[in-house]
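Enquirer: quick one, fold the following:
(one chain, ligands or ions: 2)
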Amino acid sequence: MTTSTDPIKIATKKEAEEFFNKFDTFLFDCDGVLWLGDYLLPYTKEFLDKLNKMGKKVYFVTNNSTRARASYQKKFKAYGIDVKIDQIYTSAFASAIYVRDFLKLQPSKDKIWVLGESGIMDELETLGYEALGGTDPRLNEPFDAKTSPFLKDGLDPNVRAVIAGLDREVNYHRLAVTLQYLREGEDKVSFIGTNIDCTFPQKDYIVPGAGSIIACAACSSRREPIYCGKPNMNMLDSIISHAKLEKSKMCMVGDRLNTDIKFGYEGNLGGTLLVLSGIETEERALHVTEEYPRPSYYVGKLGDIYELIK
Ligand SMILES: O=C(O)COP(=O)(O)O
Ligand SMILES: [Mg+2]
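Expert: Ligands and ions are numbered 1, 2, ... in the order given. Okay, the predicted model is just below:
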């Protein structure tokens, strides 16, 4: 699965202008593109302001499930960037929608066990579901099956799904209780992973991502989850159906080849832009492989394009 044409490195004002003129809608990945953790990358705000002035449509599509969309809206606001909540799509939101629309679980009856952070809990609760586990502080206690409040009186019989994602408080207690629910079997408890990203970028570091946490639950239960984040097309389908967008005029901007660029490529979008400010390198961007598609365009970071056209 490779793009036949060689990726174009945007390096001149003319190339930057041609790039902008080709698309009317931009889908932005967040971690590694707009920011690294809480470090806003140079010219992120100016770049987004420029797109707004050009009348371009902008959406944010992040595999990071640690925050709910409302919380991301606050994160943007803290950087002086005004974003509507329906411009934001996260893997936590996609996973909650999957529970509602594909598994068709009943909010009044069915519950979900979470191995993850508040983003998953909050999105489930927004849809009316009771989410167990996750950020419950009782899970911070050392694990003992005889005294764990999640096991000593037996599992909750109304749990019908496990959603696993990035959990920076992960511990043996969380993994052990998650395993008990997964051992109930796929007929009784579905297994959903938010995203496959095995790492994600912070300023100066690359840290373990959701994929590495989910792998613990998958390995111990010998079950494979359905993943709802990029490159799963469900998120793209919900963006396009919500906003009636024209795929050929859309560009996916990301920092990871096997999620962001694959999402844009398999979604038949008009093009993809890889930025090298996150996970990937120029060498991997140019390498022809069956493992992931190459991008249509690439650049060191978003700010490099802004500096060409400002
Ligand atoms: O949190 C992650 O694993 C990646 O998040 P991103 O999709 O915004 O890069
Ligand atoms: Mg990213």
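Enquirer: residue contacts, the most centrally placed residue in the chain?
Expert: Per CA atoms, centre = their mean, the C-alpha nearest to the average position across the chain is that of residue 63, at 0.6 Å. Listed by CB atoms under 8 Å, 6 or more residues apart in numbering, the contact partners of residue 63 are 29, 31, 90-91, 194-195, 197, 210, 229-230, 259. Every C-beta, even on glycine, is put in place using the N, C-alpha and C of the backbone.
Enquirer: would you say residue 192 is within a strand?
Expert: Yes. Under DSSP: H, G, I helix; E, B strand; the rest coil, residue 192 falls within a strand.
Enquirer: just checking, it touches residue 162?
Expert: Yes. If you go by CB atoms under 8 Å, residue 192 and residue 162 touch, sitting 6.8 Å apart.
Enquirer: so for those two, which sits in the more crowded spot?
Expert: Applying other CB atoms under 10 Å to residue 192 and residue 162 shows that residue 162 carries more neighbours, namely 28 against 25.
Enquirer: tell me the bridge partners for that one.
Expert: residue 113, residue 191 (DSSP bridges).
Enquirer: pretty sure it is touching residue 188, no?
Expert: No. Look at residue 162 against residue 188 with CB under 8 Å: they stay out of range, at 10.8 Å.
Enquirer: residue 270 versus residue 158, what's the distance?
Expert: Residue 158 sits 45 Å away from residue 270, going by CB to CB, to the nearest Å.
Enquirer: and these two? Which one has more around it.
Expert: residue 270 (17 against 13).
Enquirer: residues from the chain in reach of ligand 2?
Expert: Residues of the chain that fall close to ligand 2, judged by CB under 5 Å from the ion: 29, 31-32, 255, 278.
Enquirer: of those residues, grab the buried ones for ChimeraX.
Expert: With 16 or more other CB atoms under 10 Å as the criterion, this ChimeraX line picks the buried residues out of these:
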select :29,31,32,255,278
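Enquirer: out of the residues of the chain next to ligand 2, who's nearest residue 236?
Expert: Nearest to residue 236 among the residues of the chain next to ligand 2, counting by CB to CB, is residue 29 at 12.7 Å.
Enquirer: quick one, phi psi at the residue nearest to that closest one when sequence neighbours are not counted?
Expert: In space, and not counting its chain neighbours, residue 29 is closest to residue 254: 3.8 Å by CB to CB, 6 or more residues apart in numbering. Note on residue 254: its backbone torsions stand at phi -150, psi 170 [degrees, to the nearest 10].
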